[in-house]
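Novice: got a sequence here, can you model it:
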Amino acid sequence: KELEKRMSTTNLFYMSGSVTRIKKLHYLYEGAKYDEIILSEEDTHDLCALVIHYLQSLPEPLCTLLLYQDFLDIHNANRNDKEQWIKTMRSLFHCLPELNRRLFIRILQFFELVAITENNQVSREYLVNLLGPLCFYGQSDEKEEEGKKKKLKYNTEVVP
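Specialist: Residues are numbered from 1 along each chain as shown. Model (predicted):
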């Protein structure tokens, strides 16, 4: 909700924010120390980075690893037929676990507001490139090593 008040901030989701502050905010949220966070006093770019960090740290993508290939297959099979693409994607979307689906809806609503807000210089294309790998990625073939973050894959390409 706090970010919705700041939609017209220039370069929303482009600038990285303060790494130190983002880590502190992450620590506070993870520790459920909400009384130590005053969102209205936080830098907008730090809050944006915290949202992205949250999506990156989910144990699996919102589309779920189980449904990833189905989403990809539907996209590829129907990319030339917009009506069929929408129909089949909606159907598959309803197969997502309820929490994933609810978060997905909220994210899409929020980022649509970002895209249509004037003066923030954020395009839908930029948001698609930002969110696609965060919401839809396949399992990496590489095993997760102790202390190393698992590499994410999106359409068979490793995401840095």
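Novice: which helix of the chain spans the most residues?
Specialist: helix 98-116 (DSSP state H).
Novice: helices or strands up against the very next helix or strand once past that helix?
Specialist: Next helix or strand after helix 98-116 toward the C-terminus (DSSP states H and E): helix 124-135. Judged by 3 or more Cβ pairs under 8 Å, 6 or more residues apart in numbering; DSSP states H and E, the packing partners of helix 124-135 are helix 44-56, helix 98-116, strand 152-154. Any C-beta I mention is one placed from the backbone N, CA and C, and that applies to glycine too.
Novice: compare those and give me the one nearest G17.
Specialist: Taking Cβ to Cβ, helix 44-56 is the member of these nearest to G17, at 3.9 Å.
Novice: H26: which of the helices and strands packed on helix 124-135 is closest?
Specialist: When the helices and strands packed on helix 124-135 are compared (using Cβ to Cβ), the closest one is helix 44-56, at 6.1 Å.
Novice: what angle separates that closest one from helix 124-135?
Specialist: Put simply, helix 44-56 runs at 40 degrees to helix 124-135, going by axes from the mean of the first three to the mean of the last three Cα atoms, to 10 degrees.
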